[in-house]
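S.K.: quick one: sequence plus predicted model below, questions after.
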Amino acid sequence: MDLQEVWKKLETEKLNKPVLGAVTIAKKSKHPVQRLKNAYLITTAFSVVCLAFFLYLFIVSPERLVKGSLLLVILAYVFFFVINYSMYKKINIALPVNKSLKEALTHTHDFITSNIKFQERVSLFIYPIAAASGFFLGGAEASSDLETLMRKNVVIISFFLTLAIITPLSYYLTKWMYKISYGRCLLDLQGLIHELENPE
């Protein structure tokens, strides 16, 4: 099995020199592992931007309900920031050029796939909180007394309808965004693993 030929077929034209039996993928390479690492960096940056925005809303909002729900959203974004940055650091772009290459790539594929599924499951608990926070923000704009407004039957019904609609919509939107961000790279990585398993 000629591993060097496999690298050439998969746009690994921008690799650094091998060191101790490993090759380090350059930052501008189109290799799927590097693209996945870049995707996690972008997601981490997005988390920081959103976190800053929600922190601003938390500071300027006078309503306790809004502050309480925003605090939960902020904690969720801190959690996702930590997860995504940790994944960015864990993705190893120094890959072995020997028989363990397939195992290294398979491990990378599996733990990224598992992480995406984990984030999707955790997000299901975050969407209702985020939807509630948005609802409270809108209520605070519509009324000077949000707590009194939230005691009205029509508002309570609207609140739960909002959660029931926003939660599944957000879930499927997130799945689509993960597919756009990571799906193509994971498919390319799976293709590389397949070539290593079937060199003929």
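M.R.: Perfect, I can see it now.

S.K.: now do the longest helix along the chain: distance to the chain's middle.
M.R.: In the chain, taking DSSP state H as the definition, the longest helix is helix 101-142. With CA atoms, centre = their mean, to the nearest Å as the basis, helix 101-142 stands 7 Å off its chain's centre.

S.K.: what's the average pLDDT for the helix or strand harbouring residue 161?
M.R.: Take DSSP states H and E as the rule and residue 161 turns out to sit in helix 153-178. Averaged across helix 153-178, the pLDDT comes to 91.

S.K.: what does stretch 40-52 give?
M.R.: Here the average pLDDT along stretch 40-52 is 93.

S.K.: for it, buried residues please.
M.R.: 40-41, 43-44, 46-47, 50-51 (16 or more other CB atoms under 10 Å). Using the backbone N, CA and C atoms, a C-beta is placed for each residue, glycine as well.

S.K.: how far away is residue 46 from residue 69?
M.R.: 21 Å (CB to CB, to the nearest Å).

S.K.: host element of the spatially closest residue to residue 50 that is not a sequence neighbour?
M.R.: Spatially, and ignoring its direct neighbours in sequence, residue 50 is nearest to residue 77 (5.5 Å; CB to CB, 6 or more residues apart in numbering). Residue 77 is located in helix 64-90, with elements delineated by DSSP H and E.

S.K.: got the angle for that helix vs helix 101-142?
M.R.: Orientation check (axes from the mean of the first three to the mean of the last three CA atoms, to 10 degrees): helix 64-90 against helix 101-142 gives 160 degrees.

S.K.: helices and strands around helix 64-90, which ones?
M.R.: helix 32-60, helix 101-142, helix 146-149 (3 or more CB pairs under 8 Å, 6 or more residues apart in numbering; DSSP states H and E).
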